[in-house]
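Enquirer: model this:
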Amino acid sequence: MKKDFETKFVGWSFIFAAILLWGGWMFSTHNVGEYLKADDFAPIGEHVWYWIWMYRIHIFGWVTLGIAMFGLVSILNQKPYRVIVIPGIGMIVVGTFTLAIAAAFYYNFGAWGVGKTMDKSPEEVQTFMDSILSTNNYVTCFNRFGRIFSGVGLILFGFALAKWNIVNKWIAYLGLLMGLAAVILILSIADNFELYKPLFHIKVLWMVLMGAWILIKGMNVTEEQ
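Expert: Below is the predicted model:
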């Protein structure tokens, strides 16, 4: 079992990412759905600076998850793991930063929209919403593809974890099944974050389990000679 500074860094990165990602979302005063809507701006504006900071924390949760994944690549970039691990982690990282970009749009346009819609008539608010309609729809695609990319990556990565017993098999299978569920859910339904939301919480739980296992037990890998 490999248990050293490298594994500790990865383990703590997973846990820190989970705290930021989940905490920023759960403690926010208002959560945006698949699209920014006109009625999002009033609740955002009630505590706009607090809302901004919670969204920043949430976004840095995605960034820290990317750091954890890059850390894993540095450990698992050897035979026989790398043939599956690197493509899997690569897809997870692409999906993670696609989701971070989508979240950054909601953060920026949500805060900006508070000022643009304040004390405006319904007609003026609708004009503003029409002006961001195309971007709003593009960002929804970012959300969907981010989840798809991450899901495909988790299928590959979970399979690799289980195949070589790198971590506990149940944690490995949870990642694999979570990825499969994300892909099926996103491909089979229309835009509806409420249906995807449970997978977000399961993903955070998986991150905590990964981090805790790696910190306590280490990783079952051998150093390539």
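Enquirer: could you pull out the helices for this protein?
Expert: Ranges of helices in the chain, per DSSP state H, are 5-26, 41-46, 48-76, 82-117, 122-131, 133-163, 169-188, 193-217.
Enquirer: tell me the angle the helix-or-strand element of the chain with minimal mean pLDDT makes with helix 133-163.
Expert: Of all regular secondary-structure elements in the chain, judged by mean pLDDT, DSSP states H and E, the least confident is helix 122-131 with a mean of 87. Relative orientation of helix 122-131 versus helix 133-163 (axes from the mean of the first three to the mean of the last three CA atoms, to 10 degrees): 50 degrees.
Enquirer: and helix 122-131, which residues are buried?
Expert: Of all the residues in helix 122-131, those buried under the rule 16 or more other CB atoms under 10 Å are 125, 129. Just so you know, the C-beta spots here come from the backbone N, C-alpha and C atoms, and that holds for glycine as well.
Enquirer: Can you name the residues that contact Val114?
Expert: By CB atoms under 8 Å, 6 or more residues apart in numbering, Val114 lies in contact with 41, 44-45, 48.
Enquirer: of the helices of the chain, which approaches Tyr35 most closely?
Expert: For Tyr35, the closest of the helices of the chain is helix 133-163, at 5.2 Å, according to CB to CB.
Enquirer: Run through the neighbouring helices and strands of the closest one.
Expert: helix 82-117, helix 169-188 (3 or more CB pairs under 8 Å, 6 or more residues apart in numbering; DSSP states H and E).
Enquirer: would you list these in a markdown table and tack on mean pLDDT and distance to Ile148?
Expert: Listed next are those as a markdown table, based on pLDDT from 0 to 100; distance: least, CB to CB, whole Å:
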| stretch | mean pLDDT | distance to Ile148 |
| --- | --- | --- |
| helix 82-117 | 92 | 7 |
| helix 169-188 | 94 | 5 |
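Enquirer: Produce a ChimeraX select command limited to the buried residues of the contacts of Val114.
Expert: In ChimeraX syntax, the buried subset of the contacts of Val114 is picked out as below (16+ other CB under 10 Å):
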select :41,44,45,48
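Enquirer: quick revisit: what distance separates the least confident helix or strand of the chain from the centre of its chain?
Expert: Counting by CA atoms, centre = their mean, to the nearest Å, helix 122-131 is centred 31 Å from the centre of its parent chain.
Enquirer: For it, which outside residues touch it?
Expert: Taking CB under 8 Å, 6+ apart as the rule, helix 122-131 contacts 36-38, 41, 113, 116-117, 120, 136.
Enquirer: and what of stretch 81-98?
Expert: Against stretch 81-98 from outside (CB under 8 Å, 6+ apart): 62-63, 65-66, 69-70, 72-73, 76-77, 142, 145-160, 163-164, 166, 221.
Enquirer: Buried ones in that stretch, by neighbour count?
Expert: Buried residues in stretch 81-98 (16+ other CB under 10 Å): 81, 84-86, 88-98.
Enquirer: Give me the below-cutoff pLDDT ranges for this structure.
Expert: Along the chain, the model assigns pLDDT under 70 to residues 190-192, 223-225.
Enquirer: hmm, what's the outermost residue in it?
Expert: Ser121 (36.1 Å; CA atoms, centre = their mean).
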